[in-house]
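Engineer: Sequence plus predicted model, see below.
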Amino acid sequence: MSRFRSMLWLVPAVLIVVTGCQKPSTSSKTTTAANATSTASAEPTAVNGMPVVHLKRKQTGDTPQFLGMTILPGRGMNTFQITGYFPGLGKFHVLHAPTLEVANTKYYGTKTDAYGDDSFAFGGAFLVPYPNRILGKVSADKKTITTYWRGHKLVLPANWHNSAHPTENLHAMHGLILKENASNVKVKKTAEGEVLTADMPDAFKGQWISKTDLHFQISLEKDAIDAQITATNVGKEAEPISMAWHPYLRIPSGQHAQARLHVPGTMRAEINNYHDVFVTGKLMPVKGTRWDFLAPEGTPLDDGYLDDNWSHLQWKNGKLTVFVADPASNYKISEVGFTPHIHTIQVYSPPKAKFAVVEEQFNFADPFGKEWHGMNTGMYILKPGKSVTWHVQLQMSELHPTK
């Protein structure tokens, strides 16, 4: 789940160098859409001690297509940036993020990044083993929270808080791999592009119930960015697990109100407010409300605030499709889920933001919370020796095909 802070990092003008992002740079060296894929000489070749990986493919024709990816094996396999080509836009950045140089010097490794929180402030972080928030008893030093699952005690980083009051309502958010290193990183060329594989043995370092290995496969193809994570329980205890992606999908025109969102969910999890974003345990019908994004053509975002979770999802032909469309650019980007264990969709998009974050995840927020009164909250129960895979694609297309 994203947060108010993701807007705060946009305030310094020097941060944004890609045309169409939240605030144009005042620097004379602003990167334009035409040269957005070039790598500045000052950009790091390694982040958190691990080489940065750039997947690439050549443009073919004048149709919407993906051209490149920047992935950070030293930051939990974070998909930091995706480059695409789109008619009328040329080459452009698909994700909302600063340059890698700025991220690596102004954010990563700073005090606010103690638990890797800046991994989900921009770009596209992977969230494992729990997307969203987990509440519990806060420790005296305010560094951890304690909760329980089936009698098992879990002590998790208290890495997030009320967005208006940083010392209030501390809780855990967005998993345990935000700045973990991957290993066995390999890139292989394919007929359509390139594919990256990597491993994260014992990914949670004793902070979860059982020992768990993660395997990543991220593919760059003309028509899709394909992301798969496989979790394998190599320990002795059954454990709950969930996975998600946190991509800041840009609205290329920058016009938030006219952008359209389609979410195929008929129920929304009620929350207390948009500063805490704590679920109440009630599921509310969306039909006829401002959270109704069921229309096949999408519904305008207008100027409403979104940091909400939808459930009772409508699958079609084994696929779960959410999309963000930008009529002003004739642009549409879809997030397509293939894993039947995806039970909820979280969307974060504040008023006037030039992005929408779309997360297809297994679970409801605070999955161990008493407010759910024993309801199945979507966490997959992974038994020793067993595996589960989360699989999602990004697909780009014209909203109204011109050819």
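Structural biologist: Nice, I can see it. Numbering: from 1, shown residues only.

Engineer: which non-adjacent residue is nearest residue 400?
Structural biologist: Take residue 400 and drop its neighbours on the chain: the residue closest to it by C-beta to C-beta, 6 or more residues apart in numbering is residue 330, 5.9 Å away. Just so you know, the C-beta spots here come from the backbone N, C-alpha and C atoms, and that holds for glycine as well.

Engineer: Tally up the residues packed near the one you found, please.
Structural biologist: By other C-beta atoms under 10 Å, the residues close to residue 330 number 20.

Engineer: so it makes contact with residue 260?
Structural biologist: No: contact status for residue 330 versus residue 260: not in contact, 11.8 Å apart, counting by C-beta atoms under 8 Å.

Engineer: For the residue nearest to residue 400, give me its contacts.
Structural biologist: Residue 330 is in contact with 87-88, 398-400, 402, counting by C-beta atoms under 8 Å, 6 or more residues apart in numbering.

Engineer: Any of the residues you listed buried? List them.
Structural biologist: Burial by neighbour count, judged by 16 or more other C-beta atoms under 10 Å, picks out 398-399 from the contacts of residue 330.

Engineer: what's the closest of the contacts of residue 330 to residue 359?
Structural biologist: Distance to residue 359 across the contacts of residue 330 (C-beta to C-beta) is lowest for residue 399, with 22.4 Å.

Engineer: Excluding chain neighbours, what is closest to the closest one?
Structural biologist: In space, residue 399 is closest to residue 332, 4.6 Å off (C-beta to C-beta, 6+ apart).

Engineer: Phi first, then psi, for the residue nearest to residue 400.
Structural biologist: When read as degrees, to the nearest 10, the backbone of residue 330 gives phi 60, psi 30.

Engineer: what separates the closest residue to residue 304 other than its chain neighbours from residue 229, distance-wise?
Structural biologist: For residue 304, ignoring the flanking residues on the chain, the nearest one in space by C-beta to C-beta, 6+ apart is residue 290 at 5.4 Å. To residue 229, residue 290 is 33 Å away according to C-beta to C-beta, to the nearest Å.

Engineer: Residue 364 contacts residue 346, correct?
Structural biologist: No: with contact defined as C-beta under 8 Å, residue 364 does not reach residue 346; the gap is 9.6 Å.

Engineer: Now do the shared contacts for the two.
Structural biologist: 132, 309.

Engineer: where are the low-confidence patches of the stretch 1-150 of the chain?
Structural biologist: Applying pLDDT under 70 to the stretch 1-150 of the chain picks out residues 1-41.

Engineer: Specify the beta-bridge partners of the residue nearest the centre of the chain.
Structural biologist: Nearest to the mean C-alpha position of the chain, by C-alpha atoms, centre = their mean, lies residue 246 at 0.3 Å. Note on residue 246: beta-bridge partners by DSSP bridges are residue 125.

Engineer: thinking again about what came up before, of residue 290 and residue 229, who's got more company?
Structural biologist: Using other C-beta under 10 Å, the more surrounded residue of residue 290 and residue 229 is residue 229, with 25 against 13.
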